[in-house]
Structure formats: structure tokens, C-alpha cells
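Trainee: Got a sequence here, can you model it:
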Amino acid sequence: MEQLEGQNGFPPGAGGADRMQLNSSLPMNASAGVQAASAGYVVLDVFSYLVLAVTFVLGVLGNGLVIWVAGFRMTRTVTTICYLNLAVADFCFTSTLPFLTVSKAMGGHWPFGWFLCKFIFTIVDINLFGSVFLIALIALDRCICVLHPVWAQNHRTIGLAKRVILGPWICALLLTLPVIIRVTTVTMRGTGRTACTFDFSPWTRDPAEKMKVSVTMLTVRGIIRFVVGFSMPMSIVAVCYGLIATKIHKQGLIRSSRPLRVLSFVVAAFFLCWFPYQVVALIGTIRVRDLLRGMGSDLRVAVSVTSSLAFFNSCLNPMLYVFMGQDFRERLIHSLPASLERALSEDAAQPSSTATNSSSLPAEVELQAKSSVARLARPASLAQLQQDVPKPNAAARRCSGLARRVLTIAFALLILGLMTWAYAAGVPLASDRYGLLAFGLYGAFLSAHLVAQSLFAYLEHRRVAAAARRAAARGPLDAATARSVALTISAYQEDPAYLRQCLTSARALLYPRARLRVLMVVDGNRAEDLYMVDMFREVFADEDPATYVWDGNYHQPWEPAAAGAVGTGAYREVEAEDPGRLAVEALVRTRRCVCVAQRWGGKREVMYTAFKALGDSVDYVQVCDSDTRLDPLALLELVRVLDEDPRVGAVGGDVRILNPLDSWVSFLSSLRYWVAFNVERACQSYFHCVSCISGPLGLYRNNLLQQFLEAWYNQKFLGTHCTFGDDRHLTNRMLSMGYATKYTSRSRCYSETPSSFLRWLSQQTRWSKSYFREWLYNALWWHRHHAWMTYEAVVSGLFPFFVAATVLRLFYAGRPWALLWVLLCVQGVALAKAAFAAWLRGCLRMVLLSLYAPLYMCGLLPAKFLALVTMNQSGWGTSGRRKLAANYVPLLPLALWALLLLGGLVRSVAQEARADWCSPSRVAEAYHLAAGAGAYLGYWVVMLTLYWVGVRRLCRRRSGGYRVQV
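Mentor: You can find the predicted model right below:
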């Protein structure tokens, strides 16, 4: 329950000017005065940081999930009210841990100002007091339900619970008043460091009196907190559990003695987490005078370790008491991932299954009761208990899965911690005399990441080439044994020229005709949409194509009366099946080329119709967009990957740009596409974990796709049905089943990309929305795949935030040379990456990829933050290509971003204009500034000249180099 050292016998000091002040104000920072040279202390300090990091992540995620389930998805009951309040208390406390950890890392220095000092520790104190009081209240509630079931059934109401629940919060607020009144920031004499601490200096100016007041107040407070904040609540919990266990044992509600052991374990867990810290805090209260004089370094180390252990209890509350029941292993392996998945993507779970997620006592699990003794009177039979126990082999597999989960979480936290520390610490690895040309640890980390990514991508291309040689040695594909494939095309108000190219390329695919079906589903059945049906009929005229205009779709309400009725007169039998659905399925499963125009419902609805109508009639399903031109060998190369390895569930191909010369946006997009597929996804493919099988070109095993088809379509995020990001979620569903996903550069297609900046920005915003949303879902299955999947997800997820923080910091707090140096480094890294891509592709034009960096910094980066705050907004995502995009909302974050940067630039320039530039360091900086600016401008002159001469003019004469003839 302890926040400030002075609150538990570790007083920060008696006054701001007193040398006897301690160097830290937090119990976790109490080791600040210990010499860092001690190897033992370093180990304990590292342990403390790791525990705090794990507590923060698990506490925020776990308690946040409990708040969402208990507060918004479950029917309100007395139990859920208690659980919700407990989760709020633990969530608020764990949310403050980053501030406390930063202060600890800075040796007790508080850099956040007096307001956050008072606010943070008020929140911490209230919620930690409240949490322990709520635990005691839940214990009392469970005890009353068991000992007095009739009274509980008649008087235990929601209204009474809402009134009673105020008691713990009021008591916590009263006990926090000393923090609200006396805690503030104090600057220490001599060191100039700022501490967040108790300040008793206004009471007296005499040093002796100040010492006396400090000793008295802090001793009284330490005793009160030990007795009221720990001993009494713990005693209540122990007594209640004892009474519950006695009642269970006497009435024989559970024949096994295991529930008694579980109850003892729960009490012991709480006791073991908090008792060491409380003992150390009590000793600190007794030795408060020595601590005020700067002694007691041994206690500082002890409180640093024990407080971390105590704080860890805050992340245990949402899960510990739930998973320690009789079906512990079953719940731990299955219920937690299922609950997380439902909270992030599916409908709400049943209240009975999620209500216990926030419990702090095991009575709901062990007694199998809701609010009356009636349920307690129905104990589980011994046979049922035996059935619940997993068989040894299954148990071993589940334990292995649990171990992988734990190791994966630890690995992700390690990467997160290392990246954050490297970025925040800014450790220089190399620097010149004045620190103007510096290379830091974070830069080295990113450089190593790019080198590793490039290396694995190169190895994957070699692997693909070797597989192609093996396939060539085996000879052509046998038409009799080839897998059956269905090519599904999603169409929506497509440009007629692009649609014709798509259908023509589909017709020209080099795959056995008898084993290939073509199914195009049009999103819209109005007269203005039927030109796509006519074009399909025209292109496949010699294939006897079947077309059908469906008045509905699989998920639109069907009106039986509109479909007709059987019989005449007063008695008519209404058809039970949708005739449109039956007609579509009959055509799809009996004809080779089919086009269906259905009621508008979005792209996911279109894809669902294709998948559902196909059923299990084919082995593989290929996805394709109506603006995509397929290479003749595209399908054959995809099929070879799935045929070669049964562990691969899906494979994607190389998507290139159909219109690279329309504008500078489409040209840079064409270069970026190539790198995204042939470097980034090729690297992922090396580890069998491609994060996204792109919609224009992907192949899935149909038997696996049909298993998660309904869950894929019904995906929800925060209660809203998801209508975009369908390709990424399809990939994640395949990964969630434990199957690998691959990429092959030998399968190619050419797809249209936006040529206007506004339409490109809307596209990138939509993709970023699905990226952030699917990142959360993907994190649930990191443990089933290679560690690279976890590593890359953490790195790519953090990168935009670090870039934005760096830019803002440099514009507002950096010197002009620092800003220019970062710009030079950014372009240098981009040029190095472009040079590797040019070598890998064998095309010098790839060097111009370095021009994409400013487009990312000025356009894509702010769009990502807009996507992050609007993830819950759904829609088709883009208008048809026959309509002009007129959505100007994505420009708002760009305007805000530009204003922020302009304000910072003006501020920095004004400050530098008043600075003295006569010192040697400033003279050197001015020289570097002039040279760097010249180099930067020269770089842009050269690159823009190459773009204009080599692309805008010459490539127009040789545009066929980007075309595929089919």
C-alpha cells in the first residue's frame, strides 16, 4: 500500500532545505543512496525494473480487460460491482508505474513538476488503499453468502452494493489526506535535484524542531498504514477464508481437500506479496530518525526489492483467483485467450465466464455459487471432476504452451524495454570533439535491425530460387493430380479498363483448365453496377459463363414474401430457404465461370459470398481484386508453395504497381511496394510468419479457411463490426491456428495504386487502422510462431511513436544542427536501404526509393495517428475508381502536424538567433551546419534531377518495362 517513503517509515525528509532529506521519495527508489558499485545491488535493481515492467504491462492489460468486460458487457450484479471497482483501483495504480519507474531510474529525482507529484501519489495512495479494502469487502461478501445464504438472497441487492462500495473509497480518501496536503516537490540544497516528498518546513523553521516534527508525523503515519492498511484487512481476509473453508468442510460441499489447499494458496500469495514489504516498512518506521539523517542503505535496498514484489500483486488480482480453481489448467490454457479474443474482436462472452476475471477471492470459483446457498448444495460429482482433469499427454502439451506464452511475453517485454531504454538514454557510441557528429545506441539498434532484415530477405530469395529449380526438375504440373483451385475476384465500381485487364489475365492463367474455377462477386446489384457483369460475360464468352443478379446477400434480411410462395388461395406455404442463395451456390458448384452481383454490403461481404458459396468444393482459394492484372504463372507458383509444405496455410505473391508513371505518388508507391514485399515480407517468410497476405494476390487452404470463415466475417472491435482489413485478418486467423504463412517472389501481379495524394492518404489511413487493430489480435498468437514474429511486431509497432517523439523533440528543444543531422541520417539510411534494394532487384531506379522518406515523415506519419484514434470507424474504406475521392478528413492531422513543426522551428530559430556563436564549439557547429545544409540540398538536387530525367521523361518512352503482356 505504500507510495512515499515517508508513508511507510522511509521519510523523504523534513524540509526542502535540509541536507538530511533522502534522495528519493518513492519506496521503489529507496535504493538510490546505495553505491552502484555493488554487484549485488545491480542484480537486485535489474530484478526490480523487470518486475515493475511486467506489472505495468500485465496490470494495465489485465485490469483494462476486466473493466471492459465487467463494466460494459456483463449484466450488473453485486459481484461484478465489486470486481469492477477492484479492477479500477488496480488499473489506476499500475498506470502510474511508468512515472514511478522513471523517478527510480533517475535516482529519486522527480522531473514531472509539482502538480503531477501531488496528483500521481494521490491517485496511487487512494487506489492502493482502496484495493486492499475492496479485497476485504469481497471476502466479507463471500463469507456472508456461505454462512447466511437466506439473508444474502433476500437483502444482497445491487442498490445496497452501490452504497456499501463507497465505504472503501471514502476510507482510502481519508487516509490519503496527508498526501494531498503535504506532498509536493522540493529542491535539495547542494545537488539541485528535485524530490517528490513530504514537506513539513511550513510548520517550523528550526532544524531541531523540523526533525522532531518529521519523526513524529512519519512514525504515526507508518504505524497507521501498517495496522489499518495491512494488518486489519489481511486479518479480515484470513478470518473470512477460514470461516468459508470450515463451512465447506463441515457440509461436505466439495469432497476433495484440494479446495482447502487452493484457499490457503490464495491467502498465502497475498501474504507473501505484501508481508515482506510491510515488515521492511515497519522497521523503517522504527528507524525513521536514522533514515532522516541519511543512514540505512540496507533498508533502502530491501524496500526497493520488496516494494516491487508488493506492486506485482496488482497485476495478479485479475487472474490469480480465477485460475486457481479445480479446473485451473483448462481455464488458464483456454479461457484467458478466448476472453482476450472476444474482448478485442468478437461478441461479448457470457457473463458467467468472464465475471470472475476480475475477482480477488476464489469463492466464486471454489464454492460454485452466485448469491445463494442453492448452488452450493449441488457439488460436482467425483466422475465429473475426473473428467475435467486433462490426460497426461494433453497436460504436457498445455504446460508447454503455457511456457511458450510466458517466454514470449517476457521476450516482448525485453525488446520493448531495450528499445525504450536505448531511445530514452541516448547513449553515444561514437562522437566527435564537440558531440556534433554522434552515433548512438538506438541508431545502432535500428541499423542492426535493417541489416538483419536485409540478410534474411536475401536468404529467402535464395530459398525460393532453390525451390524453383526443384520444381523445374520435377517437370510440368500433372493436370490429373493438380489441386482444384477457385479464383475469387472482388469487384466494386471498378474502372472498366482495369476490370477488363483483370478478367483477361485471369483467363490467361497457366493452370489446368479443368482444375480452375473463376468466381467474380460484384458488390452492388443496381443498374449502374451491371456493366461489370456484362464485361465478365463478354470476356468468358466461350467458357459458357453463368451470371446471376441476387437481390440480397448472405447477411441481408430476406423477405420470404418477395421470393414468392407455394400454393394458391387462402393457404400458401412460404419457402423456408432463400432462393437467391440456393441459386448462387448451385451455379458456383456446378459451373466453371460464374459472376454474381449482389446487394451492396462491403468488400468483406463480397469475399464471404465467394468463400461460402464455394464451400468444400475446391482445395485452394485464391483471392484477387478487380483492379489486379495477374501474371500467367502467378497461380501456379502459389500452388507449388502450398503443395510443397502441408504446414503452410496461406501464401502471398509479389504485388507490383500497374500505374507507376501516373504521378510522383504512384511512382514512389511502386518502389515502396517492391521493398515491402521483397525485403520486409520476404524476411518474414524466412521465418514462416508473413503478417499479411495481400488481397490482390493470395492463396489459402480451403479446408482451413472454412473453419474460421464465420469468425472472420463476424469480427468486431470494441463492439463495432469490422469491414476493412479483411486480408490482414484472414492472415491472422491462419496464424492463430498455428499454420505458417509464406511469400514467394515468383508469383506476381500488378495492381492499381492511387495517383493523387489525397486518395493515397485515405488508403494509407485505412490500412493503418487495420494494422493497429490486427496488431492487437496478432499479439495473442505470437507464442505459436517464431520469435522473429514477436520481435518485428514490437519494433514496427513502436517505430512511428519514436519517430514522432524524435521530430517534436528536435523541433522544440534541439539546435538547428541537431535537426539537420537527423535529417541527414534519415536520408542516409534511406539511401542505404534503397541501394540494397537496387542491388537485389538489379535496377538502379530503386535508388530513388530514398525520396519516400519525406513522404513518410510529412504524410504517412500523421495519418497513422489519425488512424489510431479512429480505429473503430468502419466502412468500405475507399470509393470506387469511377468516383473522385473527396474525403478531406485525412488532411487535418497533416495540417496539425505542420503547425506543430512550424511552431517548433520558429521557436528554435529564435533561440539560436540570440545565442553567442563566438565560442569554439559554436564556430564548429556553424561550419557543420553550412556543410550539412549544402550536402542536404545537393542530395535533393541530384535525386530530383534523376527522377525528372530518368523517370518522367525517359520512362514514358519505355513504359512497357513496367507492363506485363498477357
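
Trainee: outside of the one helix or strand Leu735 maps to, which residues touch it?
Mentor: In this assignment (DSSP states H and E), Leu735 forms part of helix 726-736. Helix 726-736 is contacted from outside by 603-604, 607, 623, 649-650, 689-695, 698, 700, 704-705, 708, 711-712, 715, 722, 741, 770-771, 774, 777-778, 780-781, 784-785, using C-beta atoms under 8 Å, 6 or more residues apart in numbering. To be clear about C-beta, it is placed using only N, CA and C from the backbone, and glycine gets the same treatment.

Trainee: who's Val651 bridged to?
Mentor: Leu699, Lys742 (DSSP bridges).

Trainee: And for it, the neighbour number?
Mentor: Using other C-beta atoms under 10 Å, Val651 has 29 other residues around it.

Trainee: And the one 3 residues further on, by the same measure?
Mentor: The number of residues packed near Asp654 is 23, by other C-beta under 10 Å.

Trainee: and it, that's in a strand?
Mentor: Yes - under DSSP: H, G, I helix; E, B strand; the rest coil, Asp654 falls within a strand.

Trainee: residues in contact with it?
Mentor: Counted by C-beta under 8 Å, 6+ apart, Asp654 has contacts 674, 677-678, 697, 743-749.

Trainee: same thing but 7 Å
Mentor: 677-678, 745, 747-748 (C-beta atoms under 7 Å, 6 or more residues apart in numbering).

Trainee: Let me have those residues in CSV, adding pLDDT, distance to Val869 and secondary structure as columns.
Mentor: What follows is these, written out as CSV (pLDDT from 0 to 100; distance: C-beta to C-beta, whole Å; DSSP: H, G, I helix; E, B strand; the rest coil):
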residue, pLDDT, distance to Val869, secondary structure
Phe677, 94, 29, helix
Asn678, 94, 32, helix
Ser745, 93, 36, strand
Ser747, 94, 37, strand
Arg748, 94, 36, strand
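
Trainee: Roughly how far does Gln763 sit from Thr420?
Mentor: Remark: distance between Gln763 and Thr420 (C-beta to C-beta, to the nearest Å) = 31 Å.

Trainee: And Ile283, by the same measure?
Mentor: Taken as C-beta to C-beta, the span from Ile283 to Thr420 is 34 Å.

Trainee: out of those two, which sits in the busier spot?
Mentor: Ile283 (19 against 15).

Trainee: Please identify the helix or strand for the more buried one.
Mentor: helix 258-286.

Trainee: Pretty sure Leu697 sits against Gly653.
Mentor: Yes - counting by C-beta atoms under 7 Å, Gly653 is a contact partner of Leu697 at 4.0 Å.

Trainee: Now do the helix or strand Leu309 falls within: which elements does it pack against?
Mentor: Here Leu309, judged by DSSP H and E, is contained in helix 297-316. Judged by 3 or more C-beta pairs under 7 Å, 6 or more residues apart in numbering; DSSP states H and E, helix 297-316 is in contact with helix 39-68, helix 78-95, helix 258-286.

Trainee: average pLDDT across that helix?
Mentor: Across helix 297-316, pLDDT averages out at 74.

Trainee: Same check on stretch 762-772?
Mentor: 86.

Trainee: Take that stretch, keep the C-alpha atoms, and write them as PDB.
Mentor: Output in PDB follows, covering the C-alpha atoms of stretch 762-772 (Å, rounded to 0.1, in the frame of the first residue of the first chain):
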ATOM      1  CA  SER A 762      -7.100   7.900 -47.500                       C
ATOM      2  CA  GLN A 763      -5.800   4.500 -48.500                       C
ATOM      3  CA  GLN A 764      -2.800   4.700 -46.000                       C
ATOM      4  CA  THR A 765      -5.100   5.800 -43.200                       C
ATOM      5  CA  ARG A 766      -7.400   2.900 -43.800                       C
ATOM      6  CA  TRP A 767      -4.500   0.400 -43.900                       C
ATOM      7  CA  SER A 768      -3.100   1.900 -40.700                       C
ATOM      8  CA  LYS A 769      -6.400   1.400 -38.900                       C
ATOM      9  CA  SER A 770      -6.400  -2.300 -39.800                       C
ATOM     10  CA  TYR A 771      -2.700  -2.600 -38.900                       C
ATOM     11  CA  PHE A 772      -3.200  -1.300 -35.400                       C
END
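
Trainee: From the contacts of Asp654, pick the one nearest Ile181.
Mentor: Phe677 (61.4 Å; C-beta to C-beta).

Trainee: That closest one and Gly113: what is the separation?
Mentor: For Phe677, the distance to Gly113 - C-beta to C-beta - is 48 Å.

Trainee: Compare neighbour counts for the two and give me the winner.
Mentor: For the pair Phe677 and Gly113, the greater number of neighbours falls to Phe677 (23 against 12), based on other C-beta under 10 Å.

Trainee: these two touch, right, the more buried one and Val655?
Mentor: Yes - taking contacts as C-beta under 7 Å, Phe677 lies within contact range of Val655: 6.1 Å.

Trainee: Quick check, central residue of the protein?
Mentor: Leu776 (3.5 Å; C-alpha atoms, centre = their mean).

Trainee: Kindly indicate whether that one is helix, strand or coil.
Mentor: helix.

Trainee: Can you check the pLDDT for it?
Mentor: In this model, Leu776 carries a pLDDT of 89.

Trainee: next one: Asn127
Mentor: 80.

Trainee: what do you get for Leu263?
Mentor: 47.

Trainee: Could you do the one 3 residues further on as well?
Mentor: Residue-level confidence at Val266 comes out at 54, pLDDT.

Trainee: likewise the one 3 residues further on?
Mentor: Per-residue confidence (pLDDT) for Ala269: 67.

Trainee: One more: the one 3 residues further on?
Mentor: In the predicted model, Leu272 carries a pLDDT score of 74.

Trainee: Once you drop chain neighbours, what's closest to Gly64?
Mentor: Leaving aside its sequence neighbours, Gly64 sits nearest to Phe91 (C-beta to C-beta, 6 or more residues apart in numbering; 5.9 Å).

Trainee: Could you measure from the one you found over to Phe112?
Mentor: For Phe91 relative to Phe112 (C-beta to C-beta), the value is 20 Å.

Trainee: between these two, who's got more neighbours?
Mentor: Taking other C-beta under 10 Å, Phe91 and Phe112 do not tie; Phe91 has more neighbours (24 against 15).

Trainee: OK, contacts around that one?
Mentor: Per C-beta under 7 Å, 6+ apart, neighbours of Phe91: 60, 63-64, 67.

Trainee: Mind putting the residues you listed into CSV with distance to Asp726?
Mentor: As requested, these are arranged in CSV below (distance: C-beta to C-beta, whole Å):
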residue, distance to Asp726
Val60, 30
Asn63, 32
Gly64, 27
Ile67, 30
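
Trainee: Now the buried members of the residues you listed.
Mentor: The neighbour-count test (16 or more other C-beta atoms under 10 Å) marks 60, 63-64, 67 as buried among the contacts of Phe91.

Trainee: nearest to Thr488, of those residues?
Mentor: With C-beta to C-beta as the yardstick, the closest approach to Thr488 among those comes from Gly64, at 38.1 Å.

Trainee: Mark out where each domain of the chain begins and ends.
Mentor: 5-369, 450-482+631-693+715-966 (automatic domain parsing).

Trainee: Could you provide these in a markdown table, with additional columns for distance to Leu503?
Mentor: Listed next are those as a markdown table, based on distance: least, C-beta to C-beta, whole Å:
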| stretch | distance to Leu503 |
| --- | --- |
| domain 5-369 | 34 |
| domain 450-482+631-693+715-966 | 11 |
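
Trainee: Sounds good, over and out.
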